[in-house]
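1. structure for the following, please:
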Amino acid sequence: MAEKDPDFYSHKLPSASQVFEELKELWGMALPITAAHFMAFFRAAVSVMFLGRLGNLELAGGALSIGFTNITGYSVLVGLASGLEPVCSQAYGSKNWDLLSLSLQRMILILGIAIVPISLLWLNLESIMNFMGQDPKITAMAATYCVYSLPDLLTNTLLQPLRVFLRSQRVTKPIMYCSLLAVVFHVPLNYVLVVVMGWGVPGVALASVVTNMNMVVLMVGYVWWVSGRWEMRWRVQIGGVSGGVGPLLKVAVPSCLGICLEWWWYEIVTVLAGYLPNPTLAVAATGILIQTTSMMYTVPMALAGCVSARVGNELGAGKPYKAKLAAMVALGCAFVIGALNVTWTVFLRERWAGLFTQDVLVKGLVAAVLPIVGLCELGNCPQTTGCGILRATARPAIGARINLGSFYFVGTPVAVGLAFGLNIGFPGLWFGLLSAQIACALSILYVVMVRTDWEHEAFKARELTATGIEMSARDGAGHEEHEQDEESKGLLMNGNGEMIPDDIRKKQLELDREDSHRIARSQKRTENNTNLNHAGVAQMGRRHERGKRKFLGRAGIVVSSITLSLKILHTKVKI
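-> I've put the predicted structure just below:
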């Protein structure tokens, strides 16, 4: 039941105390995640450092392999796992534990299937790179690194979903602690495998694999403890787990595309830099700038993941006002972060490149372009945060379409036209990125701030969590009784958000139905939610379609009325 908030129907600006409380809640989650991302950045830098100690050939081969594995593997796994965000966050907000735990298991199954074709690509890296005309020696070294990184695919099938699973429940400090413990052992592990044992490139790859395995062991141990504490139900029957994979994919695939389209564009910039008049200089400067953007991206990426959890939690709990407040506060923070990035890139542009290289020409090129990269972050921070909000409202397809149009139909033509058509050269590539970020940020902000009906989003979240038991396993007889029990579990809670005891759930449910005027406006038309058996997560994949905004006046118990309601919901919005 929705909380009785005096400002629930209000369109006035939030009070200072409300904003302050939301800032505390948001950054209480985001700071540990940001720290975890910085540790991941540090871990990658350590790997590159040990590759550099081995020699230029090993460094070049490792860099090629890292780029290839990012494009073909890690970006896909991270993107698919982000499809858990709307389901898990809304399920947690409504205390639907079965939907929460089953979604995690199904995502692990999805990623387990996805790594099969990815593994085939990694095993054939050498032939693929040779076909593309890469240096055979560098390609052979890259293939070695890639083969020894194969176990990391299996590790990430557990690691990525677990991160989203915990973050969706506002559990972020354990992620930071697990990352810290794993990274602490990463440096000595590299030293032992690379220097002491002399394993070279395979040692660097295996050190990364073992570090991720350590993180998985630590996080699984934490989840196991929390699982017992929160009394979550874990079903291991393969039929029950696989039954809801299709609907979950309808959310995960657009999320994956949205992340991959942006991620891949930076690799395209590296390729384009290789066609400039001085490719060695341009590619070296590109490498420094991409490392810089990766470092700056850690904060908005953490903010996006946490606002996705915050918005999803509040929508799942039937509190659209608080969901909107969380979204607006996060966007305000994103603009501040973007402004800070512009400031430091302008004032430190002459010194920053010196941390990476002593080449005067490379430092000059980086200094000339770094302020442009800072301006890109002024758009990237809000658009990344906005994408997190879209994922929380189960509209990742909108973000994917915006990324496709902005980066590939705006950014790429501008980059190519300026760099090669108008002979601006290296800065032209980054002006292309700036144009893409501006187009992307404006589009996403328009969708989030103008086109989002927060009460309707709460209605859809209620429908998901009320009928999300469709995703639960239905093994043997008696599943209907179990479904009814879980529906009550997902909907009935007291004003403090605590679960109502089993012995009064039925009575409370009946009282709520008789006293429907106490239900918030976003929930009035769903008083017969126990009859809605087909919305679930399958509906989430169709929310982007255009349609009407009005709902039926009062939902009846007649099947035809329910069917008509579903059709209207299935064709709600298409941007």
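2. switch to C-alpha atoms for all contacts and neighbour counts from now on
-> OK.
3. name the nearest residue to residue 112, ignoring sequence neighbours.
-> residue 157 (6.0 Å; C-alpha to C-alpha, 6 or more residues apart in numbering).
4. please disregard the earlier target; I meant residue 341.
-> Setting aside the residues directly before and after it, residue 341 is nearest to residue 374 in space (C-alpha to C-alpha, 6+ apart), at 5.5 Å.
5. surely that neighbour is in contact with residue 348?
-> No - using C-alpha atoms under 8 Å, residue 374 is not in contact with residue 348, being 11.0 Å away.
6. and the residue nearest to residue 112, how many residues sit next to it?
-> 24 (other C-alpha atoms under 10 Å).
7. swap in the one 3 residues further on?
-> In terms of burial, residue 160 registers 21 neighbours under the definition other C-alpha under 10 Å.
8. pretty sure it sits against residue 79.
-> No - Residue 160 is beyond contact range of residue 79, at 9.3 Å (criterion: C-alpha under 8 Å).
9. please state the offset of the strand or helix carrying residue 416 from the chain centre?
-> Assessed by DSSP states H and E, residue 416 sits inside helix 412-416. Centroid separation for helix 412-416 versus its chain: 27 Å, with C-alpha atoms, centre = their mean, to the nearest Å.
10. what's next to the first helix or strand past that helix going along the chain, contact-wise?
-> For helix 412-416, the succeeding helix or strand toward the C-terminus, using DSSP H and E, is helix 426-449. Helix 426-449 is contacted by residues 269, 272-273, 276, 282, 368-369, 372-373, 375-377, 379-380, 382-383, 386-387, 389-390, 399, 402-403, 406-407, 410-419, 575 when judged by C-alpha atoms under 8 Å, 6 or more residues apart in numbering.
11. list the buried residues for helix 426-449?
-> Neighbour-count burial for helix 426-449 flags 426-441, 443-445, 447-448 (criterion: 16 or more other C-alpha atoms under 10 Å).
12. quick one: the helices in the stretch 251-400 of the chain?
-> Ranges of helices in the stretch 251-400 of the chain, per DSSP state H, counting those that start in this stretch, are 279-316, 320-347, 349-352, 360-392, 396-403.
13. hmm, I was thinking of the stretch 101-250 of the chain
-> With DSSP H, counting those that start in this stretch as the criterion, the stretch 101-250 of the chain has helices spanning 125-131, 136-148, 151-167, 173-184, 186-190, 201-230, 238-242, 245-273.
14. how about those helices, which one is nearest residue 111?
-> helix 151-167 (5.3 Å; C-alpha to C-alpha).
15. buried sites along the closest one?
-> 151-167.
16. ok, stretch 335-353 next?
-> 335, 337-339, 341-342, 345-346, 349-350, 352-353.
17. if I've got this straight, residue 451 is in a strand?
-> No - secondary structure of residue 451 (DSSP: H, G, I helix; E, B strand; the rest coil): coil, not part of a strand.
18. residue 457 versus that one, what's the distance?
-> 11 Å (C-alpha to C-alpha, to the nearest Å).
19. count of residues packed around residue 288?
-> For residue 288, using other C-alpha under 10 Å, the count is 20.
20. no, scratch that, I was asking about residue 206
-> 23.
21. so it sits against residue 147, correct?
-> No - judged on C-alpha under 8 Å, residue 206 makes no contact with residue 147 at a distance of 9.9 Å.
22. which residue is nearest the middle of the chain?
-> With distances taken as C-alpha atoms, centre = their mean, residue 82 lies nearest the centre of the chain, 3.9 Å away.
23. once you drop chain neighbours, what's closest to that residue?
-> That would be residue 255: by C-alpha to C-alpha, 6+ apart, it lies 6.2 Å from residue 82.
24. OK, contacts around that neighbour?
-> 79-80, 82-83, 391, 396-397, 399-400.
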